[in-house]
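*Asks:* 3D model of this:
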Amino acid sequence: MRTLIACLFFASPAAAWDFMPGLPCLLTHSDPALDIALTHDPTQPLYTIALTRDAPWPEGESFSLAFANGITISTPFHALTNDGRTVTVADRGFGNVIIGLMSGGIATAILGPEAVPFSAIGAAEPTRAFAACTPPPAA
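*Replies:* Below you'll find the model as predicted:
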């Protein structure tokens, strides 16, 4: 029985949030339902978030993210790409997204009638590093 439990534990994918510095800085996470990628180009400044799933997203007038801390943000300025499987938003500021991810818990991406939950557990430290992303020194 212990062997079976150990095999199941090690066979399941890691659900970590990962930060990679660069230009742009990158914060990624894979959840069973979504692959999430945030970018930040501090030279612009410009932030993007892309949420990709296996099935196409439905059409919808606005895209929303609801976070465990009670913050819900919405925008009509989203785009569907990748055969409709990726919803993307770009903006000059992502303060509420960053605060929402750092709060942990379960967040929900909402487009049209679809509400797709994802885990923000473990996102706090990588998100702090992402928020602190600065332009590389001039050469």
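*Asks:* show me what contacts residue 66?
*Replies:* The contact partners of residue 66, taken as CB atoms under 8 Å, 6 or more residues apart in numbering, are 72, 107-108, 110. Using the backbone N, CA and C atoms, a C-beta is placed for each residue, glycine as well.
*Asks:* and it, its phi and psi?
*Replies:* phi -110, psi 130 (degrees, to the nearest 10).
*Asks:* beta partners for it?
*Replies:* Bridge pairing for residue 66 (DSSP bridges) gives the partners residue 72, residue 108.
*Asks:* please, which helix or strand holds residue 18?
*Replies:* strand 17-20 (DSSP states H and E).
*Asks:* just the C-alphas of that strand, formatted as CSV.
*Replies:* What follows is strand 17-20, C-alpha atoms only, in CSV (Å, rounded to 0.1, in the frame of the first residue of the first chain):
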residue,chain,number,x,y,z
TRP,A,17,4.4,28.6,-9.7
ASP,A,18,7.7,29.5,-11.4
PHE,A,19,9.4,32.8,-11.9
MET,A,20,12.1,33.4,-14.5
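*Asks:* average pLDDT across that strand?
*Replies:* Strand 17-20 shows a mean pLDDT of 96.
*Asks:* show me what it is packed up against.
*Replies:* With contacts taken as 3 or more CB pairs under 8 Å, 6 or more residues apart in numbering; DSSP states H and E, strand 17-20 sits against strand 25-30, helix 124-131.
*Asks:* need the winner for burial among these.
*Replies:* Neighbour counts (mean count of other CB atoms under 10 Å) averaged over each of the helices and strands packed on strand 17-20 peak at strand 25-30, with a mean of 20.
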